[in-house]
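In: With the input below, show me the fold.
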Amino acid sequence: MQKDEQPPAKQPAEITLDQTESVYEKPVIATNCVHEAVIPPGWVPPAQTQTNTEPAKTFPFKLDEFQEAAVRCVDKGESVLVSAHTSAGKTVVALYAIATALRANQKVIYTSPIKALSNQKYRELSEHFDSVGLMTGDVTLNETAKCLVMTTEILRNMLYKGSEVTREVAWVIFDEIHYMRDYERGVVWEETIISLPKNCRFVFLSATIPNAKEFAEWICSIHNQPCHVVSTDYRPVPLQHYLFPVGGKGLHLVVDEHGVFRENSFSQAMQTMKTSNAQQGSGTTRKMNTSEKEDIYKIIKLVMSLNFNPCIVFCFSKKEVENIATTLGKKGIIADNEDRMKAVNSIFDRAISTIPEADRNIPQINNLRPFLVRGIGVHHSGLIPVLKEIVELLFQEGLIEVLVATETFAMGLNMPAKTVIFSGIRKFDGKEYRYINGGEYIQMSGRAGRRGLDERGIVIVVGDERISSKEMQDMMKGSSDPLLSQFHLSFNMILNTLRIEAASPSFIISHSFLQFQTTKKIPQLENELLELEKTHSALPQPSRAVDRFHNILCVHNSLAKSLHKVTNAPITSLPFLQTGRVVRIASDAQEWGYGIVVSFMKRNIRRSDDEPSYVVDCLVAVQKGTENSTPRPVPSVASWTYTPITPACPLPAPTKNVNKHTVFIVVPVKLAAIRVITSIRFQLPPDLNPETARQAVGESLLKVNETFNGVLPELSLEDLGIDDEEVKGIRMRMETLEKELKKDTESITMKDIVKCEEWKKGKAEIETQKSLIEDMKEGILKRELNGMIEILSRFAMLEPIEKVVTAKGQTVCAVNSINEVLAAQLLYTGYFSNLTEPQIVAILSVLLVQERGDDMVEVRKDLVEPIKVLQEEARKIIEVAKHCGIETENMIGVNLSVLEAAYLWTQGADFKTICQTSEAFEGSIIRVLRRVDELLMELSEAAQVMGSEAMIKKFASCSQKIKRGIVFVASLYI
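Out: Numbers count the residues shown, from 1 in each chain. Predicted structure coming up:
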């Protein structure tokens, strides 16, 4: 019997709030492990000088199959990628590799994606081994240790500097290697892996990834060594996935512990969902209402009553975390426990004692304690770091029953719960609101189920909007995302590799995972090219006359679009869109013919360019039977209102085809869809609600249309008040082209034009495909590299001919935190010379804020001019980058949300005071100030290269002034 064909568990599909009996059966668990190896051609294993029959490390439990397989690879001295679910026990392999290296008196490096995880791992590894050090940028402990824990960025920087440590390392462990998917930071992993010595061996720990073997092939190709893949989808504790529809009465089991999706149960859940919560807009944020907070409370109350605690509630915003925790705290959902209260207060007081007394009386500290003593925890990036660590320690000690957290809690140390709850299924990913994907769901839901304690883990999803069965299955049962390279070029990499004799940017690019994946695609693309050419060869080539006609038509259409932008602009068109005005409505995909303006209004529709959006209500002809569909204006600017294939929209009936199957209704139309404003205007009846009134007006429109043979007179440029000579020139060129087109309208048919369009489109696709294949064969990112080298040359950071790094370029090789060209410009123009320490710290903070913030910030007088100069320098760099063909979006960001807080902190203000100047969370302010300190160290190193003692002292003084109080309290893990 296949896995998906296993019989469903014998339990009800819905658990109501008064059912408290056990819902478990004894699970049937069958482990599975796939072990593959990628061996380079002609590989000869090195001779074993010594054979150790005893294992490097033993464990007080029997290893799982995948752990044993990975350990055998380490014993052979060969690299291995371990791909397994969260909480499966991947750390065992890392511990064994460390023990193996230490037994041989070799160096081993353990890298993690973030500093907080490095601190946690340092504590964990110190419990197993004696010689452990930590290097995170903030903290350096025991740097001569045989086992060093560090962030991947630190290791990358050490490699570029030629650190002695990197030449001695025998094993490198990359934790959370799936972080290579991260768009901004994934490139750091690739640069690091490429730059490590050839004799180094690797242990890669990853969540499940479908293309693990491809990653191993890449490692094998660039380091000429075997790389094993040990993967398993085995969960030590199987999961059951429930859906709680908002407004419903209970839980619905939708995926059982065998992975079977229960369609009937899902359908029942959707039917019980309140219609008021259905179909929230995908482009807008949705705040949790009171009813939904009550539902969360009901779920947690149920969880507690069934002894499904401890539980983690995952939310997708820091504010939602705070709101849910507040609701739970007010409800008194967990009974008071004297022993817990004493234990929590004892741990809390000891931890808080590390904070200077002056900073202990801040709201976040005072507000958190009452929750913790009740067994409720909060965890998100806005918390003060020491408070996050307190919550983590209390959770590990079993003193927290309900933890409300953002998804970052799913990464790092193994801190599972019995139950995981999703407060929703939509998140903002920095660009848009979307459903969480299968990989994200797997990562978070994997926290459910404690090995050795729970027979099953429980996952509960709060359904706050209607979702299709396929979308739910894609999320709950879908595979994790493949590991796709996010490699991109940076000025830092270019400068560092050009100054090192044994490296170059081209070497890094050619050895990147992106180049590897791209090269593998070439055969497939070549086959696609053959198919395109075959299809195109069957198309008739257009005659010269048809080709000429089509070219003229394309030019005419392009001019028409340019003219439409002017005539359609609100300032031009709105005065003429009076009630009764006849307009022609069309989009690139659909013709609606003529309609009559009823009214227009400014609508608050979220748009990326923040320009006003106008919607015009028009009386139009639609196909009978579709008039009761829900019309809605689409958010797209260039496109227009309706997509005919969507059942929820009326289907147009062009005016010339109006008949007995046509009805007239009023629909909202985006202003961009008004293609022509005619000179004709009707007197409309006062009430268009009656169908008879609408039909009467529609029939009048039909008669006018017949009178003018389907082409109603439009308002001229003069009528619209447009007197611009350039616009008039466009109109004259269009008229000239229209005369040319009329000459051939009798001999050339629309069918000829369509076939010509198809032939040209096919030819363009072939040329594009050929160009793509050619670029891939020549090497990726070639144009980008040339463009960035051109930028560095223009700013005197590279010699333009020899491509040698200049003194100015050498200066900023150590700068990673901000744009390197900007740093060089600020240093070499003496920007910092006349600024005070508070000004410098405040200015640097605006370049380091990564979260969205309030742009409407009042700037103090002594910062106005420095910010203006900073923005002007940034503008110059962006202008040069554009000229060199380099993408400038997000090249240099400026965010003022922590500006005043950074200024006051450097002046000596207390933390409570500076928090009152910003909307940012306390933890976010601390993170920015710590990043400022890192940047100050980088700039100080740059000043040393410049030989500027004055700037070295100034940057050191800035660092001294901010390194105080709660902002730089040491981690509880070290």
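
In: Residue 928 sits in which helix or strand?
Out: Assigned by DSSP states H and E, residue 928 belongs to helix 922-946.

In: where's the helix or strand that that helix is followed by relative to the chain centroid, distance-wise?
Out: For helix 922-946, the following helix or strand on the C-terminal side (DSSP H and E) is helix 949-962. The chain centre lies 36 Å from the centre of helix 949-962; the measure is CA atoms, centre = their mean, to the nearest Å.

In: returning to what we had before: compute the inter-axis angle for the helix holding residue 928 and helix 949-962.
Out: Interaxial angle of helix 922-946 relative to helix 949-962 (axes from the mean of the first three to the mean of the last three CA atoms, to 10 degrees): 160 degrees.

In: Who does the top strand by length along the chain pair with, and is each partner parallel or antiparallel?
Out: The residue-count maximum for a strand in the chain (DSSP state E) belongs to strand 591-603. Applying DSSP bridges, strand 591-603 is found paired with strand 581-586 (antiparallel), strand 613-623 (antiparallel).

In: weakest of the ones you listed by average pLDDT?
Out: Least confidently modelled of the strands paired with strand 591-603 is strand 613-623, at a mean of 84 by mean pLDDT.

In: Now the phi/psi pair for the residue nearest to residue 65 when sequence neighbours are not counted, please.
Out: Counting by CB to CB, 6 or more residues apart in numbering, residue 65 lies nearest to residue 33, which is 4.0 Å off, once chain neighbours are set aside. Where C-beta positions appear, they are placed from N, C-alpha and C, glycine not excepted. Backbone torsions of residue 33, given as degrees, to the nearest 10, read phi -150, psi 130.

In: next one: the one 3 residues further on
Out: According to degrees, to the nearest 10, the main-chain angles of residue 36 amount to phi -120, psi 160.

In: Which residue is the nearest non-sequential neighbour of it?
Out: In space, and not counting its chain neighbours, residue 36 is closest to residue 229: 4.5 Å by CB to CB, 6+ apart.

In: low-scoring stretches of the protein, by residue?
Out: By pLDDT under 70, the low-scoring segments of the chain are 1-31, 47-52, 273-293, 412-413, 430, 588-589, 603-612, 625-661, 852-856.

In: 50 instead?
Out: Within the chain, the segments meeting pLDDT under 50 span 1-30, 275-286, 604-611, 630-649, 655.

In: counting residues per helix, which one in it is longest?
Out: When the chain is parsed with DSSP state H, its longest helix is helix 750-778.

In: tell me how far that one is from the chain's mean position?
Out: Distance, centroid of helix 750-778 to centroid of chain: 33 Å (CA atoms, centre = their mean).

In: Buried residues in it, which are they?
Out: Using 16 or more other CB atoms under 10 Å as the test for burial, helix 750-778 gives 752, 755, 756, 759, 760, 762, 765, 769, 772, 773.

In: possible to save the residues you listed as TSV with distance to residue 884?
Out: TSV is the format used below for the buried residues of helix 750-778 (distance: CB to CB, whole Å):
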residue	distance to residue 884
752	43
755	41
756	37
759	36
760	32
762	33
765	29
769	27
772	22
773	25
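
In: about what we covered before: by contact count, what packs against the longest helix of the chain?
Out: Applying 3 or more CB pairs under 8 Å, 6 or more residues apart in numbering; DSSP states H and E, one finds that helix 750-778 contacts helix 513-537, helix 544-567.

In: Which strands and helices lie in contact with the first one?
Out: So that's helix 513-537. helix 212-223, helix 750-778.

In: one step back: got the helices and strands packed on helix 750-778 as CSV, with distance to residue 689 and mean neighbour count columns?
Out: Putting those into CSV (distance: least, CB to CB, whole Å; neighbours: other CB atoms under 10 Å) gives the following:
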stretch, distance to residue 689, mean neighbour count
helix 513-537, 53, 15
helix 544-567, 32, 15
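
In: Output these as a markdown table; include the columns distance to residue 44.
Out: Output for the helices and strands packed on helix 750-778, formatted as a markdown table (distance: least, CB to CB, whole Å):
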| stretch | distance to residue 44 |
| --- | --- |
| helix 513-537 | 24 |
| helix 544-567 | 63 |
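
In: any chance of the strands paired with strand 591-603 in JSON lines, plus mean neighbour count?
Out: Shown next, in JSON lines, are the strands paired with strand 591-603 (neighbours: other CB atoms under 10 Å):
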{"stretch": "strand 581-586", "mean neighbour count": "22"}
{"stretch": "strand 613-623", "mean neighbour count": "22"}
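
In: Now do the residue of the chain positioned farthest from its centre against residue 162, distance only.
Out: Relative to the C-alpha centroid of the chain, counting by CA atoms, centre = their mean, residue 707 is the outermost residue, at 56.3 Å. Distance of residue 707 to residue 162, given as CB to CB, to the nearest Å: 84 Å.

In: residues touching the residue nearest the centre of the chain, list them.
Out: What sits nearest the mean C-alpha location of the chain, by CA atoms, centre = their mean, is residue 429, with 4.1 Å. For residue 429, the contact set (CB atoms under 8 Å, 6 or more residues apart in numbering) is empty.

In: Name the SS class of residue 253, please.
Out: Three-state assignment for residue 253 (DSSP: H, G, I helix; E, B strand; the rest coil): strand.

In: can I assume it is in contact with residue 263?
Out: No: using CB atoms under 8 Å, residue 253 is not in contact with residue 263; the gap is 11.7 Å.

In: Good, wrapping up.
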